[in-house]
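Undergrad: Mind looking at a prediction? Sequence and model below.
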Amino acid sequence: MPQSDRPVRSVLYIPGSKVRALEKARTLPVDAIIFDLEDAVAPDEKVSARNTLADALKSGGFAPRQCIVRINGTDTKWGADDLAMFAPLAPDAILLPKVNTSEDVAAAAKELTGETLIWAMMETPEGILNAAAIARAPRMGGFVMGTNDLAKDLNCRDRADRLPLMTALQTCLLAARAAGIPCVDGVFNAFRDDDGLRAECEQGRDLGMDGKTLIHPAQVAIANAAFGPTDAEAELARRQIAAFDAAIAEGKGVAVLDGRIIENLHVDTARRTLAKLAAIAALES
């Protein structure tokens, strides 16, 4: 399916240096994997991690999960070599850390061929302020919210409601929606706190996020459940479409279902819900 239609409910970070973790990733029910060469890899392991990950991607076995490689920043001594190594391997996307401007994306895009996209870590104040331009940069495929780095730069307090981050989250979501690309929420650090993770996933879904970045396989099931349509939502979508189609057949412009007006915009949302459900079913099959 087109990358823009592929589910990204659960996006799991996997260290590019850990052979056992890379092997396990082939069996996990995640929608996408971020193979991390940046924060998850110590400086003295950067080169060996690059080679380990390249061997793993050449061996394959990760499909149908999206494969996204987070390289080191191009302003580091590893970034250019990371990009040169993985561009020919054609992962689904290259994830750039700390994107500040659309020019950061354009420079990396020149090194890519084929269908490989660029995803941007949105984790700096400058990047947030430039989100609209970044979302329309060459080969742009999606946003990943880097909430930990962003909170550090903002010097804000850690709150369960994430109020200090809300402007940044919604700014990036607006930019992503305007450009037609997905926006994936930041990580939840307390990976043993299922209730906290569930609450933050539900908040992100309520905002409009497409999925959640995760730091542990134990978080996958909660994210998949939170960001996928529920049985009730799917049933309502089918009923809305049926009611609207019946109204149109009778020459009416709107329908009434359960005492509520159903218009074209509601039907568009309903069709997207069912399309997402079908995409998830295809992925899981």
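TA: Sure thing, it's come through.
Undergrad: Three-state assignment for the residue nearest to the spatial centre of the chain, please.
TA: Closest to where the C-alpha atoms of the chain average out (C-alpha atoms, centre = their mean) is Val184, at 3.5 Å. Classification of Val184 by DSSP: H, G, I helix; E, B strand; the rest coil places it in strand.
Undergrad: how near is it to Met145?
TA: 7 Å (C-beta to C-beta, to the nearest Å). (C-beta placed from N, C-alpha, C; glycine too.)
Undergrad: and for the two, which residues touch both?
TA: Counting by C-beta atoms under 8 Å, 6 or more residues apart in numbering, the common neighbours of Val184 and Met145 are Met209, Thr213.
Undergrad: so the residue nearest to the centre of the chain bridges to which residues?
TA: Val144, Gly211 (DSSP bridges).
Undergrad: hmm, who's touching stretch 240-254?
TA: Here stretch 240-254 makes contact (C-beta under 8 Å, 6+ apart) with Ala255, Val256, Leu257, Ile261, Ile262, Glu263, Asn264, His266, Val267, Ala270, Arg271, Leu274.
Undergrad: Return the subset of these lying in helices.
TA: Of the contacts of stretch 240-254, the ones assigned to helices by DSSP state H are Asn264, His266, Val267, Ala270, Arg271, Leu274.
Undergrad: Now that we have these, which of them are buried?
TA: Using 16 or more other C-beta atoms under 10 Å as the burial test, the ones in helices among the contacts of stretch 240-254 include His266, Val267, Ala270 as buried.
Undergrad: and which of those residues is nearest Thr230?
TA: Distance to Thr230 across these (C-beta to C-beta) is lowest for Ala270, with 13.5 Å.
Undergrad: how much space is there between that closest one and Arg6?
TA: Distance, Ala270 to Arg6, using C-beta to C-beta: 20 Å.
Undergrad: For Val69, pull up the helix or strand it's in.
TA: Val69 belongs to strand 66-70 when assigned by DSSP states H and E.
Undergrad: helices or strands next to that strand in the packing?
TA: Identification of packing neighbours for strand 66-70 by 3 or more C-beta pairs under 8 Å, 6 or more residues apart in numbering; DSSP states H and E yields strand 32-36, helix 46-59, strand 93-96.
Undergrad: Recalculate using a threshold of 6 Å.
TA: Counting contacts by 3 or more C-beta pairs under 6 Å, 6 or more residues apart in numbering; DSSP states H and E, strand 66-70 is packed against strand 32-36, strand 93-96.
Undergrad: which residues are contacting the longest one?
TA: Strand 32-36 is touched from outside by 8, 11-16, 25, 53, 65-70, with contacts defined as C-beta atoms under 6 Å, 6 or more residues apart in numbering.
Undergrad: Separate out the buried members of those.
TA: In those, burial by neighbour count holds for 8, 11-16, 25, 53, 65-70, counting by 16+ other C-beta under 10 Å.
Undergrad: closest to Asp161 among those?
TA: Of all the buried ones among the contacts of strand 32-36, Val11 has the smallest distance to Asp161: 22.6 Å, by C-beta to C-beta.
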